[in-house]
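Novice: need a structure here:
(one chain, ligands or ions: 2)
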Amino acid sequence: MPSESADTTKRAEWSRYGFVLAAIGSAVGLGNIWRFPYVVGENGGGAFLVPYIVSFFCFGIPLMVLEFTVGRGFRGSVVTAFGRLHPRLRHLGLLPFVMTLVVFSYYSVIAGWTLAYIIFSVTGYMDFETFTSSPLPRVTFFATILLAGAVVKVDLKAGIERANRYLMPVLGVALLIMLVQALTLPGVQAGLAYYLTPDLSALSDPAIWVQAAGQVFFSLSIGFGVLLTYGSYLSDSASIPRSAAVIAGVDFLVALVAGFIIFPIVFSFGFDPVSGPQLAFITLPQIFSTMAFGSFFGTIFFILLFVGAISSILSMVEGGVATMVDEWAWPREKATIFICTLAALIGLPSALSYAGYDLILFGAPFLDNVDLLFGTLLVPVSASMICLAFSWLWKPESLLTEVNKNSRFKFSRTAVYYLRYIVPLLLLVTLASTVVRTFL
Ligand code: PHE
Ligand code: NA
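Specialist: Ligands and ions are numbered 1, 2, ... in the order given. Modelled structure (predicted):
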């Protein structure tokens, strides 16, 4: 039952820069600092940047702009926006809602690991398997959810916006310290060569295009409705195209820079670049425990990961909370407790899946499976739904008025046709290839 009360009380609004900071907080996360570098390394090095940049411009930025525009235009979170577009489409919003909830749950498990590792970088590292089998990761998992909930339950401005005003500068400084440290290590070239030497033959492999598209979605937080939700608090005076350019640009830069940090460190100490949890939680700790001032740099590195993660988690919590508030007129605090409790329950199998309990499904830990389904396979499905519904059923004049409001750059009707035909086609191809790649 859509509630009218959300309309009678004025909706919260970001203050100046608050929106851009919070959206950067959402975008920049484990996807950039941890996942991007090894995906590049494994997929043709520098050559991977070609499909990445192509996907980034062909549907990354357009879909980000669309989500912000829909959010501001319909002044509601994703379920509400679908419902206001057409009452019968309301339930479509449940897909991004559920996806976000599940991603929130397992992302918090990894964020919890980074939280524990901040402490370990001072006290000395625990062996990863000993750590995951101990009760500690469950503690830091719940602590992460609790912390995110404590921020989100307060008002938008005093909660999420204020937190990001502190977190984003910390992230920037930590990133800079790590970059300078990595680039002044001996033997930087070997790391950079591995990271960026283009293997052009990789470009003919469709798998690399699929990987690139998936990485763009996850990194920009597209298809989850969280950008849409953040957009619903955006003031009419803000320029959506300009904000999106800044947010996407920063996300790209941070991902690129992360590779300039990870690979010089790994190669300078003679280690092999590995992927997955191993890189951040086994290889790097080994290096930090031998390098000069290693406990300092280890602390900074894991703070960087945790800050990136928690600011992304805030947007995931808000996606869920805003839905309860908009749809059921729940008080913010009650909604936050509900969403966080739900995520803590849903996340339990993920929190146990590296704990030696053999929660193995299809040959992989539970966490990897939910990541594959909710963080990868369903993303183009959900993104196509948003794209198709709002480009076809929302009056083009209304869409264009909304996106061009207070913007110097003006989109024309071509943009609407681009969203109606080209983007869904590209997404269909991506989806089909992902399915083929995963299951055949
Ligand atoms: N974009 C975030 C990252 O790169 C992850 C994220 C996914 C955030 C989905 C919100 C929603 O880590
Ligand atoms: Na990102």
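
Novice: use CA for all of it now, contacts and neighbours both
Specialist: Noted.

Novice: what does the protein have sitting close to ligand 2?
Specialist: Listed as neighbours of ligand 2 in the chain under the rule C-alpha under 5 Å from the ion: 27-28, 31-32, 219.

Novice: now, which of the residues you listed sits nearest ligand 2?
Specialist: Closest approach to ligand 2 among those (C-alpha to the ion): Ser219, at 3.0 Å.

Novice: circling back: which among the residues of the chain next to ligand 2 are in contact with ligand 1?
Specialist: Residues of those in contact with ligand 1 (C-alpha under 6 Å from any ligand atom): 27-28, 31-32, 219.

Novice: longest helix anywhere in this structure?
Specialist: For the chain, the longest helix by residue count, based on DSSP state H, is helix 294-328.

Novice: on that earlier part again, kindly reformat the ones next to ligand 1 among the residues of the chain next to ligand 2 as CSV containing pLDDT.
Specialist: As requested, these are exported to CSV (pLDDT from 0 to 100):
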residue, pLDDT
Ala27, 98
Val28, 98
Gly31, 96
Asn32, 96
Ser219, 98
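
Novice: what is the neighbour count of whichever residue of the stretch 51-200 of the chain sits closest to ligand 1?
Specialist: Relative to ligand 1, the nearest point of the stretch 51-200 of the chain is Thr100 (6.2 Å; C-alpha to the nearest ligand atom). Around Thr100 there are 26 other residues, counting by other C-alpha atoms under 10 Å.

Novice: which ones are touching it?
Specialist: 224-226, 316, 319-320 (C-alpha atoms under 8 Å, 6 or more residues apart in numbering).

Novice: centre of the chain to the helix or strand that contains it, how far?
Specialist: Using DSSP states H and E, Thr100 sits in helix 94-123. How far helix 94-123 lies from its chain's middle: 11 Å, per C-alpha atoms, centre = their mean, to the nearest Å.

Novice: quick check: mean pLDDT across it?
Specialist: The average of the pLDDT scores along helix 94-123 is 98.

Novice: buried residues in that helix?
Specialist: Of the residues in helix 94-123, 94-97, 99-121 count as buried by neighbour count, 16 or more other C-alpha atoms under 10 Å.

Novice: the helix or strand following that helix: which residues count as buried?
Specialist: As assigned by DSSP H and E, the chain's next helix or strand after helix 94-123 is helix 128-133. The neighbour-count check on helix 128-133 (16+ other C-alpha under 10 Å) flags 128, 131-133 as buried.

Novice: tell me the angle the helix holding Thr100 makes with helix 294-328.
Specialist: 160 degrees (axes from the mean of the first three to the mean of the last three C-alpha atoms, to 10 degrees).

Novice: returning to what we had before: can you list the contacts of Thr100 in a markdown table and add pLDDT and neighbour count?
Specialist: Compiled in a markdown table, these are given as follows (pLDDT from 0 to 100; neighbours: other C-alpha atoms under 10 Å):
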| residue | pLDDT | neighbour count |
| --- | --- | --- |
| Phe224 | 98 | 33 |
| Gly225 | 98 | 33 |
| Val226 | 98 | 31 |
| Met316 | 98 | 29 |
| Gly319 | 98 | 28 |
| Gly320 | 98 | 27 |
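
Novice: in the longest helix of the chain, which residues are buried?
Specialist: 294-295, 297-328.

Novice: same check, this time on stretch 135-155
Specialist: So stretch 135-155, judged by 16+ other C-alpha under 10 Å, has buried residues 137-138, 140-146, 148-153.

Novice: ditto for stretch 404-414
Specialist: Within stretch 404-414, the residues that count as buried by 16+ other C-alpha under 10 Å are 404-407.

Novice: picking that back up, can I get the residues of the chain next to ligand 2 in JSON lines with neighbour count?
Specialist: Below are these laid out as JSON lines (neighbours: other C-alpha atoms under 10 Å):
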{"residue": "Ala27", "neighbour count": "29"}
{"residue": "Val28", "neighbour count": "30"}
{"residue": "Gly31", "neighbour count": "23"}
{"residue": "Asn32", "neighbour count": "27"}
{"residue": "Ser219", "neighbour count": "24"}
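
Novice: interface residues of the stretch 1-150 of the chain facing ligand 1?
Specialist: 26-32.

Novice: all strands of the protein, in order?
Specialist: 360-361, 364-365 (DSSP state E).

Novice: quick one: closest of those strands to ligand 1.
Specialist: Of all these, strand 364-365 comes closest under C-alpha to the nearest ligand atom, at 19.7 Å.

Novice: what's the neighbour count on Ala364?
Specialist: 13.

Novice: Leu227 reaches Ser221, doesn't it?
Specialist: Yes: counting by C-alpha atoms under 8 Å, Ser221 is a contact partner of Leu227 at 6.9 Å.

Novice: more neighbours, those two?
Specialist: Of the pair Leu227 and Ser221, Leu227 is the one with more neighbours under other C-alpha under 10 Å, namely 30 against 27.
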